[in-house]
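Engineer: mind looking at a prediction? Sequence and model below.
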Amino acid sequence: MLLLVSPKDVNEAIEAIEGGADIIDVKNPVEGSLGANFPWVIKEIREVTPKNLLVSATIGDIPYKPGTASLAAIGAALSGADYIKVGLYGTKSYNQAVDLMKKVVKAVKDIDENKIVVAAGYADAYRVGAVEPLIIPKVAKDSGCDVAMLDTAIKDGKTLFDHLSREILKEFVEETHGYGLKCALAGSLKKEHIPILKEIGCDIVGVRGAACTKGDRNEGRIERDLVKELVELCK
Ligand SMILES: O=C[C@H](O)COP(=O)(O)O
């Protein structure tokens with residue numbers, strides 16, 4: 001299982017790299033759960049990241065605006081992101097989510113067909129009115145994405161597992177794999193969740209808080225030793 005770690009600046013990215021993270025996921029936590037960072041930060045992080053490691057960038061907790069989303073996705077891709085992650089926050093239905101993701105996929109793959117597009121839903125979508133999380137694998141498949149992902153929208157200490165049971169998450173992973181796609185799971189995950197995620201067949205585990213000082217995704221900073229511990233558990 002690969003470990004994706006979400007730094008907010010270049011110094012945190014270096015900690016994640018030195019700690020052995022597999023995917024460096026540029027994020028701007030002050031703009032939300034999947035908050036987008038600036039193009040120059042993505043570029044700077046790509047420059048310090050070894051070529052063999054993938055850089056991911058989120059384009060935000062996106063409203064249902066396919067034009068805005070496609071343009072933001074191009075920005076992330078041209079800034080050097082290999083993975084482009086879209087938070088399906090303002091989409092209310094399967095049709096809206098597929099429509100938006102299809103436009104993002106077209107925009108990104110027109111630039112480079114090897115770029116990876118991630119459709120990210122929220123396990124606690126019911127708290128913010130976003131599209132139902134269990135429909136994300138089908139959204140990802142029907143729109144031509146490469147990865148189906150879940151995170152949490154509200155970072156209030158509740159984890160992915162507080163919203164969706166292990167059995168439901170296993171079905172999510174299996175459905176995603178059935179479509180030939182990869183599955184990424186996140187949401188205030190802690191060390192103790194990693195063995196469960198491995199057991200249910202998750203491909204990528206995403207963390208920020210667990211890799212930060214005192215487990216605090218906002219006030220803490222990513223530390224290489226915390227990343228190392230998580231990497232070991234993912235092996
Ligand atoms: O993509 C993963 C997120 O950065 C997860 O952040 P978190 O572990 O603080 O919920």
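Structural biologist: Here it is on my side, so go on.

Engineer: got the buried residues for the longest helix seen in the chain?
Structural biologist: In the chain, taking DSSP state H as the definition, the longest helix is helix 94-111. By neighbour count with 16 or more other CB atoms under 10 Å, helix 94-111 contains the buried residues 96-98, 100-105, 107-109. The way it works is simple: take the backbone N, C-alpha and C, and place the C-beta from them, glycine included.

Engineer: so D124 makes contact with A153?
Structural biologist: Yes: the pair D124 / A153 is scored as a contact, 5.4 Å apart, by CB atoms under 8 Å.

Engineer: coming back round to it: report the two of the buried residues of helix 94-111 separated the most.
Structural biologist: For these, with distances taken as CB to CB, the pair at the greatest spread is Q96 and K109 (20.5 Å).

Engineer: the spatially closest residue to L164 that is not a sequence neighbour: how many residues sit nearby?
Structural biologist: Excluding the flanking residues, the one nearest L164 by CB to CB, 6 or more residues apart in numbering is A123, at 5.0 Å. Using other CB atoms under 10 Å, A123 is surrounded by 26 other residues.

Engineer: list the contacts for A123?
Structural biologist: 133, 150-152, 160, 163-164, 187 (CB atoms under 8 Å, 6 or more residues apart in numbering).

Engineer: the same query, at a cut-off of 7 Å, please.
Structural biologist: 133, 150, 152, 160, 163-164, 187 (CB atoms under 7 Å, 6 or more residues apart in numbering).

Engineer: please report how far it lies from L160.
Structural biologist: Per CB to CB, to the nearest Å, A123 is found 5 Å from L160.

Engineer: before we move on, what about I136?
Structural biologist: 13 Å.

Engineer: those two: which is more packed in?
Structural biologist: More crowded of I136 and L160, by other CB under 10 Å: I136, with 29 against 24.

Engineer: for that one, which non-adjacent residue is spatially closest?
Structural biologist: In space, I136 is closest to G121, 3.8 Å off (CB to CB, 6+ apart).

Engineer: that neighbour in helix, strand or coil?
Structural biologist: strand (DSSP: H, G, I helix; E, B strand; the rest coil).

Engineer: swap in K85?
Structural biologist: Relying on three-state DSSP, one would call K85 strand.

Engineer: could you do V117 as well?
Structural biologist: V117 is classified as strand under three-state DSSP.

Engineer: up against the ligand, what does this structure have?
Structural biologist: 4, 6, 25, 27, 151, 155, 186-189, 206-210, 217 (CB under 6 Å from any ligand atom).

Engineer: for the most centrally placed residue in the chain, list each beta-bridge partner.
Structural biologist: Most central in the chain under CA atoms, centre = their mean is K85, positioned 5.7 Å from the mean C-alpha point. K85 has these beta-bridge partners by DSSP bridges: T58, V118.
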